[in-house]
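Asks: Below: sequence and its predicted model.
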Amino acid sequence: TQLLEQSPQFLSIQEGENLTVYCNSSSVFSSLQWYRQEPGEGPVLLVTVVTGGEVKKLKRLTFQFGDARKDSSLHITAAQPGDTGLYLCAGGAIYGNKLVFGAGTILRVKS
Amino acid sequence: DTGVSQNPRHKITKRGQNVTFRCDPISEHNRLYWYRQTLGQGPEFLTYFQNEAQLEKSRLLSDRFSAERPKGSFSTLEIQRTEQGDSAMYLCASSPQGRPNNEQFFGPGTRLTVL
């Protein structure tokens, strides 16, 4: 069974601070997606990383896929209140088409 | 808006009743997925369609659950004899054929509450 563990589970920071969210597994994934979810809504895709060691940037967000394709991180620079939400990582199965999700990191950015 | 749509957005039902949810994927997406999300957890995979064929089912999908995609477009998820443990957000996602990397685009979900 493929599992993804996210840490921390909850993060409360002040506006302007930096933060990093981690997503770890003992399994290899074909790809890793990061989603952001608002209460009562579905997850919204932020980025997909595919190649081991790959780094992608989306404005103040930086995503990295581990060399062995087992882990990933999301770094946010100068967090803003609009970044508040649930951040989910999801691994694409090597065989099959489903996504395996972590439990998520709840981020709260206070102004 | 051409994103994934789901109806209804909210459903409250009494234990033992049957409920049916509908998902309309992004136009021309031939792959469709159903997930379930409970409070404090990430979504869990339920089932997957490629066109009208149901190709994968999770062990979470008990005999009371059935999903269909008769014409390869919209899909329905039915839960028979609902139980309080079925209370959750039911999410639908779609992706186009040939899109690598398992990228899936989610709808807003249907929140089910079983009393």
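Replies: Arrived safely. Remember, it's a predicted structure, so these values are computed and weren't measured experimentally.
Asks: What sits closest to B:Q41 if chain neighbours are left out?
Replies: Using CB to CB, 6 or more residues apart in numbering or on different chains and skipping residues adjacent in sequence, the residue nearest B:Q41 is A:A103, 5.5 Å away. Yep, even glycine has a C-beta here, placed from its N, CA and C like the rest.
Asks: wait, is that neighbour part of a helix?
Replies: No - read with DSSP: H, G, I helix; E, B strand; the rest coil, A:A103 is coil and lies in no helix.
Asks: quick one: contacts for it?
Replies: For A:A103, the contacting residues are A:E5, A:Q6, A:Q9, B:G40, B:Q41, B:G42, taking CB atoms under 8 Å, 6 or more residues apart in numbering or on different chains as the criterion.
Asks: any idea which of those residues has the most stuff around it?
Replies: The most crowded member of the contacts of A:A103 is B:G42, carrying 22 neighbours; neighbours defined as other CB atoms under 10 Å in any protein chain shown.
Asks: ok, for that one, nearest residue in space, not its chain neighbours?
Replies: With CB to CB, 6+ apart as the criterion, B:G42 has its nearest non-adjacent residue at 3.1 Å, and that residue is A:F101.
Asks: Tell me what that neighbour is bridged to.
Replies: In this structure, A:F101 bridges to A:A90 when assessed by DSSP bridges.
Asks: can I assume it is in contact with A:Y87?
Replies: No - between A:F101 and A:Y87 there is no contact, the gap being 11.1 Å when judged by CB atoms under 8 Å.
Asks: so which two of the contacts of A:A103 are the farthest from each other?
Replies: Largest separation among those by CB to CB: A:E5 and B:G40, giving 14.3 Å.
Asks: And for residue 10, the neighbour number?
Replies: Just so you know, I chose chain A. If you count neighbours by other CB under 10 Å, A:F10 ends up with 10.
Asks: wrong one, I was asking about chain B
Replies: Here the number of neighbours of B:H10 (other CB under 10 Å) works out to 11.
Asks: on that earlier part again, quick one: least confident of the contacts of A:A103?
Replies: Within these, B:G40 has the lowest pLDDT, namely 89.
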